[in-house]
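> Whatever this is, show me its structure:
(chains A and B)
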Amino acid sequence: MTTAARRTVTLTVNGAARSAPAEDRTLLSDFLRHTLRLTGTHVGCEEGVCGACTVLLDGEPVRSCLLLAVQAQGRTVETVEGLADDGRLNALQRTLKETHGLQCGFCTPGVLMSLTAAEREGLDEEETAGQVLAGHRCRCTGYAGIRAAVAARHRAPGGPRQAPRGGGAEAAG
Amino acid sequence: MSLRKGSVVKPPVFEYMAPATVEETVRALARHGARAAPLAGGQSLVPLLNRRRVRPDVVVDLGRVAGLDTVRVADGAVRIGALARLRTLERHETLGAALPVLRQTVRLVAHPQIRTRATLGGSLCHADPAAELPALAVALGARLRLAGAGGERELDAEEFFRPGRTARRPGELLTEITLPLRDGFTHRFVEIPRHAHGGLPLVGVCAGTRREADGTVTAARIAAAGAADRPLRLRGAERALTGGPLTEEAVARALDAAASAAAPPADPHGDAAYRTALLRTALRRALAAAPHPGTDPKERA
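Coordinates of the predicted model:
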């Protein structure tokens, strides 16, 4: 049996520099949850289908279960923990709550990260509710509520394009 | 507490390498041969690793190799670096204008959150017979450039895709894909999804015709996904359509030719007869979707 190689992975998570050892085979999802103890990122299918583990890598939504932690070396990762501002839900999170866009909440962290990226990119409501939400499995059949949140964000004064770039603590600048 | 200390492992143990140049990559791949797995976007390889369906000794991460993600539109062709992400291709305006079918097909592949990582070269090398992009490559007559320890070679997409595998040898790296812009051709990709869009389709067809102003079809290029053990060029259907107008009779002959060429797999999603029937449907829709000549003179391939 080959011994598992370990190396130090250094990356930026939610605006803070983090550094920790990881085996080469460690998935980014497991590195976030078990090494950095950021358990907001949920792990469902571990084959890229369900979308629960979606995080932002250099601003783009990716499946953290399909990335090795070492691939994130030197890169910027945003997780659901980075969305709230000093313990207060951000506008997108509040909208999702108000429209009952979650029930059990398992898929929610991934949904929030995808919607955050969609808002920053300026995707329209149809693209967001269609293409983007299609990349997430909600087993509580809560899509009506999630779609209502997307619609509400697009109706909101100023629209979703006001979402800060960089997310959470690193939004300034 | 039990979650700590490396108890959470999914992929088997492997050695990870992240070379910075094509030369280093080719050397690494040559040294380890079939025991090395090149890692491009990882959207096919990592699920296989997580399920331990593959157990490479070495994973060669191509993500740090410089210069393999370029997109150029020039000299009647589109040249795409093997590491170009599908999301990049989807957003690329020059590319979208030059080769609309590429963007249209890319948007059928998986989801945006997968396309941010998935690469064109990775999809072609993974070569799932039901995947969209290999069929697109065959229909458009793509050329694939491979780099190896002994130098480079270039293959037609039809030579590259073999039954159940590709012509890429262990130790070779796919570096660039050239898609010729075929004047007058208008291609469309039509697929029959399993349940919702996102997964591999049951069947897909990439079909294009070149037509005279009077509607006479002067050439056709058609390939199917999910119709055989590789992306399948449908030459019989092409011949059935060529030389006359796109009449119902010509289309019916093409559907018959496609059906007789098909040897689709059977699985719980559908038997071979069902998939063959879907192939006819997909081809009929793809041909119906082709705009009549003159409707958009700028649209090519």
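> From now on I want contacts and neighbour counts done on CA atoms only, so please keep to that.
Noted.
> give me the element the residue in the stretch 201-301 of chain B positioned nearest to chain A is part of.
Scanning the stretch 201-301 of chain B for the residue nearest chain A gives B:Pro201, at 14.7 Å (criterion: Cα to the nearest Cα). Assessed by DSSP states H and E, B:Pro201 sits outside every helix and strand.
> B:Arg153 now?
strand B:151-156.
> That strand pairs with which strands, parallel or anti?
strand B:143-148 (antiparallel) (DSSP bridges).
> ok, and what's touching the strand it pairs with?
Residues outside strand B:143-148 that contact it (Cα atoms under 8 Å, 6 or more residues apart in numbering or on different chains): B:26, B:30, B:152-157, B:160, B:168, B:171-179.
> and it, what's its mean pLDDT?
Averaged over strand B:143-148, pLDDT sits at 97.
> What is the distance between it and the centre of its chain?
15 Å (Cα atoms, centre = their mean, to the nearest Å).
> End to end on stretch B:260-268, go ahead and measure it.
22 Å (Cα to Cα, to the nearest Å).
> And stretch A:77-89, by the same measure?
Start-to-end, stretch A:77-89 (Cα to Cα) is 19 Å.
> which residues sit against it?
Against stretch A:77-89 from outside (Cα under 8 Å, 6+ apart): A:11-15, A:38, A:40-41, A:55-59, A:90, A:93, A:109-110, A:112-113, A:167-169.
> which parts of the next helix-or-strand element following the strand holding B:Arg153 are buried?
Next helix or strand after strand B:151-156 toward the C-terminus (DSSP H and E): helix B:157-160. Neighbour-count burial for helix B:157-160 flags B:Ala157, B:Glu158, B:Phe160 (criterion: 16 or more other Cα atoms under 10 Å in any protein chain shown).
> Put together CSV for these, with pLDDT and distance to chain A on each row.
Shown next, in CSV, are those (pLDDT from 0 to 100; distance: Cα to the nearest Cα, whole Å):
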residue, pLDDT, distance to chain A
B:Ala157, 98, 28
B:Glu158, 98, 29
B:Phe160, 98, 27
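> of all those residues, which comes closest to B:Leu120?
B:Ala157 (13.0 Å; Cα to Cα).
> how far is the strand holding B:Arg153 from where the chain is centred?
The answer for strand B:151-156 is 18 Å, by Cα atoms, centre = their mean.
> Please spell out which residues along it are buried.
Neighbour-count burial for strand B:151-156 [16+ other Cα under 10 Å]: B:Glu154, B:Leu155, B:Asp156.
> what does stretch B:215-235 give?
B:216-235.
> So which of the residues you listed are in strands?
Among the buried residues of stretch B:215-235, DSSP state E puts B:Val217, B:Thr218, B:Ala219, B:Ala220, B:Arg221, B:Ile222, B:Ala223, B:Ala224, B:Ala225, B:Leu232, B:Arg233 in strands.
> Surely the fifth one and B:Leu140 touch.
I take that to be B:Arg221. Yes - counting by Cα atoms under 8 Å, B:Arg221 does reach B:Leu140; the two are 7.0 Å apart.
> Identify the residues contacting the strand holding B:Arg153?
So strand B:151-156 is contacted by B:Gly141, B:Ala142, B:Arg143, B:Leu144, B:Arg145, B:Leu146, B:Ala147 (Cα under 8 Å, 6+ apart).
> Can you tell me how far the fourth one is from B:Thr175?
Same thing as B:Leu144. Counting by Cα to Cα, the gap from B:Leu144 to B:Thr175 is 8 Å.
> Name the residue in those two with the higher neighbour count.
For B:Leu144 versus B:Thr175, neighbours defined as other Cα atoms under 10 Å in any protein chain shown are more numerous around B:Leu144 (26 against 20).
> re earlier: filter the contacts of stretch A:77-89 down to the buried ones and hand me the PyMOL line.
PyMOL command restricting those to the buried ones, with burial defined by 16+ other Cα under 10 Å:
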select buried, chain A and resi 11+12+13+14+15+38+40+41+55+56+57+59+93+109+110+112+113+167+168
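> Quick one: the strands in the chain, in order.
By default, I'm working from chain A. Using DSSP E, strands in chain A cover A:6-13, A:16-23, A:54-57, A:60-63, A:76-78.
> should've been chain B
For chain B, strands defined by DSSP E occupy the ranges B:15-17, B:36-39, B:58-61, B:71-74, B:77-81, B:143-148, B:151-156, B:161-162, B:165-166, B:173-180, B:185-192, B:203-211, B:217-225, B:232-233.
> Show the average pLDDT along the fourth one.
So that's strand B:71-74. 96.
> again with the last one
Rounded to a whole number, the mean pLDDT of strand B:232-233 is 98.
> Which neighbouring elements make contact with that strand?
helix B:132-140, strand B:217-225 (3 or more Cα pairs under 8 Å, 6 or more residues apart in numbering or on different chains; DSSP states H and E).
> okay, those in CSV with mean pLDDT and distance to B:Val101 next?
CSV is the format used below for the helices and strands packed on strand B:232-233 (pLDDT from 0 to 100; distance: least, Cα to Cα, whole Å):
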stretch, mean pLDDT, distance to B:Val101
helix B:132-140, 98, 9
strand B:217-225, 98, 13
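> coming back round to it: now the strands of chain A as a markdown table including distance to B:Thr209 and mean pLDDT?
Below are the strands of chain A laid out as a markdown table (distance: least, Cα to Cα, whole Å; pLDDT from 0 to 100):
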| stretch | distance to B:Thr209 | mean pLDDT |
| --- | --- | --- |
| strand A:6-13 | 50 | 96 |
| strand A:16-23 | 52 | 97 |
| strand A:54-57 | 40 | 98 |
| strand A:60-63 | 37 | 98 |
| strand A:76-78 | 45 | 98 |
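> Spit out the contact partners of A:Leu11.
Counting by Cα under 8 Å, 6+ apart, A:Leu11 has contacts A:Ala17, A:Arg18, A:Ser19, A:Ala72, A:Gln73, A:Gly74, A:Arg75, A:Thr76, A:Val77.
> again, only this time at 10 Å
Contacts for A:Leu11 (Cα atoms under 10 Å, 6 or more residues apart in numbering or on different chains) come out as A:17-20, A:69-77.
> I figured B:Leu29 was touching B:Asp57, is that so?
No - in this structure B:Leu29 lies outside contact range of B:Asp57 using Cα atoms under 10 Å: 11.5 Å.
> Show me where chain A dips below the pLDDT cut-off.
A:1-3, A:158-159, A:161-173 (pLDDT under 70).
> picking that back up, so for B:Leu144 and B:Thr175, which residues contact both of them?
In contact with both B:Leu144 and B:Thr175: B:Ile80, B:Ala82, B:Gly121, B:Glu154, using Cα under 10 Å, 6+ apart.
> quick one on the thing from earlier: just put the helices and strands packed on strand B:232-233 in TSV and tack on distance to B:His126.
Listed next are the helices and strands packed on strand B:232-233 as TSV, based on distance: least, Cα to Cα, whole Å:
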stretch	distance to B:His126
helix B:132-140	9
strand B:217-225	14
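> count of residues packed around the closest residue to A:Ala4 other than its chain neighbours?
Distances taken as Cα to Cα, 6 or more residues apart in numbering or on different chains place B:Val13 nearest to A:Ala4, at 5.6 Å, with adjacent residues excluded. Around B:Val13 there are 22 other residues, counting by other Cα under 10 Å.
> now swap in A:Cys50 and tell me
The number of residues near A:Cys50, taken as other Cα under 10 Å, comes to 20.
> Turn the strands of chain B into a markdown table, columns for distance to B:Leu102.
Shown next, in a markdown table, are the strands of chain B (distance: least, Cα to Cα, whole Å):
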| stretch | distance to B:Leu102 |
| --- | --- |
| strand B:15-17 | 32 |
| strand B:36-39 | 23 |
| strand B:58-61 | 26 |
| strand B:71-74 | 13 |
| strand B:77-81 | 10 |
| strand B:143-148 | 15 |
| strand B:151-156 | 18 |
| strand B:161-162 | 19 |
| strand B:165-166 | 21 |
| strand B:173-180 | 10 |
| strand B:185-192 | 9 |
| strand B:203-211 | 10 |
| strand B:217-225 | 14 |
| strand B:232-233 | 17 |
